[in-house]
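Asker: attaching a predicted model along with its sequence, questions to come.
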Amino acid sequence: MSSEGKAKDYSLAELMAVLAAKEIKDGDKVFVGIGIPMIAGFLAIHSHAPNAVLMFEGGYLGSHPPVACTDVGDSVLGFGAPYITSSWRTFSDLQHGYCDIGIIGSAQVDKYGNVNSTAILDNGTYENPKTRLPGSGGANDIASSAGRLLIMARLEKRRFVPRVDYVTSPGHVDGYESRRKTGLKGGGPVAVITDRAIFRFDKDTKEMYLSHLYPGVSVEEVKREISWNLRVAEHIAAVEPPTKAQVNFMRSYDPTDVILRRRRLFESVDFSSWSRLAMSGWNRRTRYA
Amino acid sequence: MVHSRSSEHPLSKPYCISTDSNCDEFSKTTNRHPVRKEMPDQKKSTDKTLTLKEAIKEFVHDGCSVTLGGFCGRNSQAAAYEIVRQNRKNLTIIDDSPTDQLDILIGAGCIKAVEIAWNGVSIFSLARNLRRSVEEAIPHKIEVQDYSNYAASLRFMAGAMNVPFLPTRSLLGSDIPRHNKRIKIINDPYEGEPIALVPAASPDVAIIHVQRADRHGNAQIWGHLANDENKARAAKHVVVTCEEIVRGEAILKIPNMTALPSYCVDAVVKAPYGSHPWSCYGYYYHDIIFQRDYAKSNQTRPGFLKWIDEWILSCEGQSDYCRKVGKERLLKLAKMERAINRIPV
């Protein structure tokens, strides 16, 4: 994929996917969930990391589907997959240490990268929360055992809290060496990718700090959305906008707009238009050779 | 034994006929569970075919624990609908990530407790019925016990192995064990490091949807296996729903694909499109539009009630539901799936 030709028209979701994809190295075994992490994984294997292996918790490994899909057990993930197995086997490979990097979403994230996707308690309790969320799914397992962990989050004050209401997926726990002492073998979070900035973690204290800003975003604007005294890198870098080729790839990989939701197409498309669009994507490519 | 009365599968092939096969030696029963004195008689039967209605009536009782097969694909959707039609109450669902099947059961008032890792409706929305139940006690409050997907997987493996628990390096350093007292963190007796233990799961019944099974219950799965081999072996009773009932010869052609041997299966039910709207590898693709519309209706309680009335309660059974979805639409999904995955015959 060409690196020249920066895109002018792109969405924040597309930029987040590109930034997540950049964290994937060639040859990595990558554990991805649904949504933007999946698009990031496919973008990586179709650009700078052709030998990366995507792992899906339903049991599909190394998939090369012609287009993205909505779920981790979707039959299209069987396309171009050299290995199809069970969930327990896939997770056992993760726990064994085969997985280099995992990408998870979050409802709340704290200064040590602990993630909540179980319940927003507010003044309630676990049994009687303000908002009950879907729960861990595979996120706890990915956060526990992946070599590196990427967290995707929307930058909002209510989401960036000093301590999450419930630790669904452990980050650096209480900072310093606390993660290792819990017995966790995976490396823990390396970055939090949001819609306005990227955060990384101090190598000693394991506290989150601001490392990259999106075009047109200021440090003050980011600090306003963080409910603790955020540390800031000495030299803050600006993220590169995506290239035209990257944007074109993602859009063609999501022909029904079900993941990127750029055009609100998916909300109203009828069955026959949807199936025609989906199949036009499938017919573009031939089976994995 | 009552024979399957469901309608022919639109993709049915010549070998899918309803006569006895020569698979007898493969279906010999063994005492798989040493603590159990006798195998349930049903597992020894050589013809286990039932209708969906009969199978749910016989094996899913008020107050029992149930696990549903599949994982965001090849789901036991038809069986979940039938449980709603038969208005079962106080069920405990033990599962990994049972998606909208569970959400529908919660909204229909069938559920007392869940032991799960995740519940949402595909990529589209949070599971509104789970939320309404936990946050507002609508239709009533259910108990939730959280696990992770690997923890849930290991619970079924422990059940399948007939051991009381299995250890894992997941769950450490999280709040999951703090609120779920059945998870124990101990120091590994060999090396002394912390390790989490998850309790075995042995649901009363597992309902697994597969592509093909013979009348004895040898069930073959293509695509991802999810945790179905272990769910079936862990459960006391197993209902297999399948796209096609095939002759034993068809099973013997590719025995590697047999995920569930007949000795752990109690009932075989022909349920074409039994996973719709989810995909079924090699048979039909994921009807995302149907699911999007479910997620939309489900934003409100009245919307949900209207949805189950329309798509579940006013349908006599799976054939009726398929007619309502529309033959043309189902055949289109089948055509889509064949463009990406084909099952070798």
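Answerer: Arrived safely, thanks for sending. Residues are numbered from 1 along each chain as shown, chains lettered A, B, ... in the order given.

Asker: where along chain B do the helices fall?
Answerer: Using DSSP state H, the helices found in chain B span residues B:41-44, B:52-59, B:77-85, B:99-107, B:128-136, B:149-161, B:176-179, B:228-234, B:248-253, B:288-297, B:301-308, B:318-325, B:327-340.

Asker: mind putting the ones you listed in JSON lines, mean neighbour count, distance to B:G282 and mean pLDDT included?
Answerer: Every residue, glycine included, has its C-beta placed from N, CA and C. Below are the helices of chain B laid out as JSON lines (neighbours: other Cβ atoms under 10 Å in any protein chain shown; distance: least, Cβ to Cβ, whole Å; pLDDT from 0 to 100):
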{"stretch": "helix B:41-44", "mean neighbour count": "16", "distance to B:G282": "27", "mean pLDDT": "80"}
{"stretch": "helix B:52-59", "mean neighbour count": "21", "distance to B:G282": "21", "mean pLDDT": "98"}
{"stretch": "helix B:77-85", "mean neighbour count": "25", "distance to B:G282": "17", "mean pLDDT": "98"}
{"stretch": "helix B:99-107", "mean neighbour count": "26", "distance to B:G282": "21", "mean pLDDT": "97"}
{"stretch": "helix B:128-136", "mean neighbour count": "21", "distance to B:G282": "31", "mean pLDDT": "96"}
{"stretch": "helix B:149-161", "mean neighbour count": "27", "distance to B:G282": "24", "mean pLDDT": "98"}
{"stretch": "helix B:176-179", "mean neighbour count": "19", "distance to B:G282": "36", "mean pLDDT": "98"}
{"stretch": "helix B:228-234", "mean neighbour count": "26", "distance to B:G282": "16", "mean pLDDT": "98"}
{"stretch": "helix B:248-253", "mean neighbour count": "18", "distance to B:G282": "14", "mean pLDDT": "95"}
{"stretch": "helix B:288-297", "mean neighbour count": "20", "distance to B:G282": "18", "mean pLDDT": "94"}
{"stretch": "helix B:301-308", "mean neighbour count": "16", "distance to B:G282": "29", "mean pLDDT": "98"}
{"stretch": "helix B:318-325", "mean neighbour count": "18", "distance to B:G282": "18", "mean pLDDT": "97"}
{"stretch": "helix B:327-340", "mean neighbour count": "17", "distance to B:G282": "7", "mean pLDDT": "96"}
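
Asker: looking at those helices, which is nearest to A:S47?
Answerer: Ranking these by proximity to A:S47 (Cβ to Cβ) places helix B:327-340 first, at 22.9 Å.

Asker: the closest one - contacts with which helices or strands?
Answerer: Other elements packing on helix B:327-340 under the criterion 3 or more Cβ pairs under 8 Å, 6 or more residues apart in numbering or on different chains; DSSP states H and E are helix A:271-284.

Asker: show me what the helix it packs on is packed against.
Answerer: helix A:244-253, helix B:288-297, helix B:327-340.

Asker: now render those helices as a markdown table, adding distance to A:G216.
Answerer: Shown next, in a markdown table, are these (distance: least, Cβ to Cβ, whole Å):
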| stretch | distance to A:G216 |
| --- | --- |
| helix A:244-253 | 18 |
| helix B:288-297 | 33 |
| helix B:327-340 | 41 |
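
Asker: contact partners of the helix or strand of chain A with the lowest mean pLDDT?
Answerer: Every helix and strand of chain A was ranked by mean pLDDT, DSSP states H and E. The lowest is helix A:265-268, at a mean of 85. Residues external to helix A:265-268 that are found in contact with it (Cβ atoms under 8 Å, 6 or more residues apart in numbering or on different chains): A:256-258, A:274, B:292.

Asker: for those, which two are the farthest from each other?
Answerer: Most distant of the contacts of helix A:265-268, by Cβ to Cβ, are A:D257 and B:R292, 11.9 Å apart.

Asker: now the least confident helix or strand of chain A: how far from the chain's centre is it?
Answerer: Computed by Cα atoms, centre = their mean, to the nearest Å, the chain-centroid distance of helix A:265-268 equals 23 Å.

Asker: same deal with stretch B:222-238?
Answerer: From the chain centre to the centre of stretch B:222-238 is a distance of 8 Å (Cα atoms, centre = their mean).

Asker: is that stretch positioned near chain A?
Answerer: Yes: for stretch B:222-238 and chain A, the contact criterion (Cβ under 8 Å from any Cβ of the partner chain) is met by B:223-230.

Asker: could I get those residues as TSV with distance to B:Y81?
Answerer: Below are those laid out as TSV (distance: Cβ to Cβ, whole Å):
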residue	distance to B:Y81
B:G223	22
B:H224	22
B:L225	23
B:A226	20
B:N227	22
B:D228	19
B:E229	24
B:N230	25
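
Asker: for the spatially closest residue to B:K48 that is not a sequence neighbour, list each beta-bridge partner.
Answerer: Nearest residue to B:K48, sequence neighbours excluded (Cβ to Cβ, 6 or more residues apart in numbering or on different chains): B:V268, at 4.6 Å. B:V268 has these beta-bridge partners by DSSP bridges: B:T49, B:V240.

Asker: redo the helices of chain B as CSV? Include distance to A:W228.
Answerer: What follows is the helices of chain B, written out as CSV (distance: least, Cβ to Cβ, whole Å):
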stretch, distance to A:W228
helix B:41-44, 58
helix B:52-59, 52
helix B:77-85, 44
helix B:99-107, 35
helix B:128-136, 28
helix B:149-161, 31
helix B:176-179, 23
helix B:228-234, 43
helix B:248-253, 60
helix B:288-297, 35
helix B:301-308, 38
helix B:318-325, 51
helix B:327-340, 47
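
Asker: what's the closest of those helices to B:C264?
Answerer: Between the helices of chain B, helix B:228-234 lies closest to B:C264; by Cβ to Cβ that is 5.3 Å.

Asker: who touches the closest one?
Answerer: A:86, A:88, B:32, B:67, B:69-70, B:153, B:155-160, B:200-203, B:206, B:208, B:210, B:221, B:238, B:240, B:259-260, B:264-265.
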